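S.K.: Pasting the sequence and the predicted model now:
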Amino acid sequence: MPVTQKGDRVVLQHPKLQGASAEILYYGATVISWKAPSVSGSEPAERLFVSGKAALDGSKPVRGGIPVVFPAFGAPTHPDHAKLSQHGFARNNIWAYESTVMDNEAGVSVKLTLDPTDAIKARFDHPFHLEYIVTLAEHQLTTDFHVKHTGLSTTPPFEFQALFHNYIRAPANDVHITPLKGVSYYDKTEATEEARATPKVESREGVDVKKFTDFVYENAPGKYDIVWPSGAIEIRTSNLKDVVVWNPQQETGSKIADMEEGGWERYVCVEPGYVCGFVKLEPGQTWRGQQVLTVKV
Ligand SMILES: O=P(O)(O)OC[C@H]1O[C@H](O)[C@H](O)[C@@H](O)[C@@H]1O
C-alpha cells in the first residue's frame, strides 16, 4: 500500500521504488523520515536528521525532520503573535489526515489539515484553515503549505510568517550552501539586539557552518544547493523569499536538551520561508508556499 495510516503517523511508500518512503507525524505534520535512492540508484537512504533524543510522542516539537513554522518565526515580533511560543503552533498541534491526493507511478501524495482549536484561538484568534501536502517521488520530496483566511469579507486580515525547518542529514563540517553570495542577512548569533537587527552581506561563494551559524537571508534566490563530498540536495522554492541557515555546533548544540551527543555534526538546517516581514492575508484569500527537495548525487 503506498499510503498507510498508523497510530501517530502516515507512511508513504513509492509505488515503484522499493524502500523509497516518507513518514509524517500527525503531531505538527512533521515529516520525520524521507528515504530516497541516490541518482546512481543505490539503496534508498535517510535524507533527514532526527535527534536520537527527539520526543515523538507529542510532548514537544520534534528535534529534526521538517517541522512547520507558522504563524511566527523565532520569538514572536508581531503584536498579534505575542501569546505564541517560539516558531508558533503549527509544529505542536495535531493535524488531521484528509486524503491521498495522488497515487500513481510517479509518486504518492497526501494532504493533512489544521483548523483552529480552542487552545489555538486563545492565542491566535483568526479564522484560518491550513493544508499541508507532502509528495514523495523517486528522488524528490515536495511540501506545499496553504494558508486560507476563512473569515467573512468583513473580517479583518491577519498576518503571519511561515517556514519549512528542514534538518538535512549531511556532515555539517563539510557542507557548502550556494548561491548566497551578495545576499543580505541578519546574524542571530550576534550578542546585542542592535547587531542582530543590522543587516550584513554574505561575501562567501559557498556558505559553511563550521562555526555556530544562525543567519536569516532576506530576498534570497529561492533555489539552493547543499553540497558535501559524497552528496548533494537541491531545494527549490516558490513564494518563500527568505532562507535561514542554522547549525548550533557544540557551542550551543550541547545546551539543547533534546539534541543527541554530537548531533550538530550530522545535519545542516536550510529553512526556506517568509520570515522577514509578514504575509498579510485578506478574507477569502489563500497563500501558498512550496519547496521541492531533490537528491542530486
Ligand atoms: O529550538 P527550536 O525552537 O526548535 O529552534 C531551533 C532554531 O530554529 C531556527 O533555525 C532559528 O533561526 C534558530 O534561532 C533556532 O535556534
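M.R.: Ah, there it is. Numbering: from 1, shown residues only.
S.K.: How much space separates the residue nearest to residue 229 when sequence neighbours are not counted from residue 153?
M.R.: Distance criterion C-beta to C-beta, 6 or more residues apart in numbering; nearest residue to residue 229, sequence neighbours excluded, is residue 174 at 5.8 Å. (Glycine included, C-beta is placed from N, CA and C.) The gap separating residue 174 from residue 153 is 53 Å, by C-beta to C-beta, to the nearest Å.
S.K.: out of the two, which sits in the more crowded spot?
M.R.: residue 174 (16 against 7; other C-beta atoms under 10 Å).
S.K.: Might you report the residue contacts of the closest residue to the ligand within the stretch 1-150 of the chain?
M.R.: Residue of the stretch 1-150 of the chain nearest the ligand, by C-beta to the nearest ligand atom: residue 86 (4.5 Å). Counting by C-beta atoms under 8 Å, 6 or more residues apart in numbering, residue 86 touches 72, 74, 75, 76.
S.K.: Is it correct that the third one falls within a helix?
M.R.: Right, residue 75. No. Secondary structure of residue 75 (DSSP: H, G, I helix; E, B strand; the rest coil): coil, not part of a helix.
S.K.: now the helices: where do they sit in the stretch 101-250 of the chain?
M.R.: With DSSP state H, counting those that start in this stretch as the criterion, the stretch 101-250 of the chain has helices at 118-121, 193-196, 249-253.
S.K.: Up against the ligand, what does the stretch 101-250 of the chain have?
M.R.: For the stretch 101-250 of the chain, the contact set with the ligand under C-beta under 6 Å from any ligand atom comprises 188, 214, 244, 246.
S.K.: so which of these is the most crowded?
M.R.: Sorting these by how many neighbours each has (other C-beta under 10 Å) puts residue 244 first, at 26 neighbours.
S.K.: Which of the residues in stretch 232-249 are classified as buried?
M.R.: Neighbour counts over stretch 232-249 (16 or more other C-beta atoms under 10 Å) mark 232-237, 240-249 as buried.
S.K.: Stretch 264-283 too?
M.R.: Under 16+ other C-beta under 10 Å, the buried positions of stretch 264-283 are 264, 266-276, 278-279, 281, 283.
S.K.: Could you pull up the contacting residues of residue 31?
M.R.: Residue 31 neighbours (C-beta under 8 Å, 6+ apart): 22, 23, 24, 48, 65, 66, 134, 141, 143.
S.K.: Looking at the residues you listed, which two lie furthest apart in space?
M.R.: For those, the farthest-apart pair by C-beta to C-beta is 23 and 143; their separation is 13.4 Å.
S.K.: thinking again about what came up before, could the helices of the stretch 101-250 of the chain be laid out in TSV, adding mean pLDDT?
M.R.: As requested, the helices of the stretch 101-250 of the chain are exported to TSV (pLDDT from 0 to 100):
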stretch	mean pLDDT
helix 118-121	98
helix 193-196	98
helix 249-253	97
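S.K.: most packed of the ones you listed?
M.R.: helix 249-253 (a mean of 15; mean count of other C-beta atoms under 10 Å).
S.K.: tell me which strands and helices the helix or strand following that helix is in contact with?
M.R.: Next helix or strand after helix 249-253 toward the C-terminus (DSSP states H and E): strand 267-281. Judged by 3 or more C-beta pairs under 8 Å, 6 or more residues apart in numbering; DSSP states H and E, strand 267-281 is in contact with strand 68-69, strand 140-149, strand 158-164, strand 167-169, strand 223-228, strand 231-238, strand 242-247, strand 286-295.
S.K.: Any part of strand 267-281 near the ligand?
M.R.: Yes. With C-beta under 6 Å from any ligand atom as the measure, strand 267-281 is seen reaching the ligand through 269, 271.
S.K.: how big is the angle separating that strand from strand 140-149?
M.R.: 30 degrees (axes from the mean of the first three to the mean of the last three C-alpha atoms, to 10 degrees).
S.K.: who does strand 267-281 pair up with?
M.R.: Sheet pairing for strand 267-281, assigned by DSSP bridges, gives strand 158-164 (antiparallel), strand 167-169 (antiparallel), strand 242-247 (antiparallel).
S.K.: ok and the last one relative to strand 223-228, angle-wise?
M.R.: Yep, that's strand 242-247 we're talking about. 20 degrees.
S.K.: Can you give the contact residues for strand 242-247?
M.R.: Residues contacting strand 242-247 (C-beta under 8 Å, 6+ apart): 73, 163, 172, 177, 180, 207, 209, 212-220, 224, 237, 253, 264, 267-276.
S.K.: tell me the mean pLDDT over it?
M.R.: Per-residue pLDDT values over strand 242-247 give a mean of 99.
S.K.: Equivalent analysis for the first one, please.
M.R.: Averaging the model's pLDDT scores along strand 158-164 yields 99.
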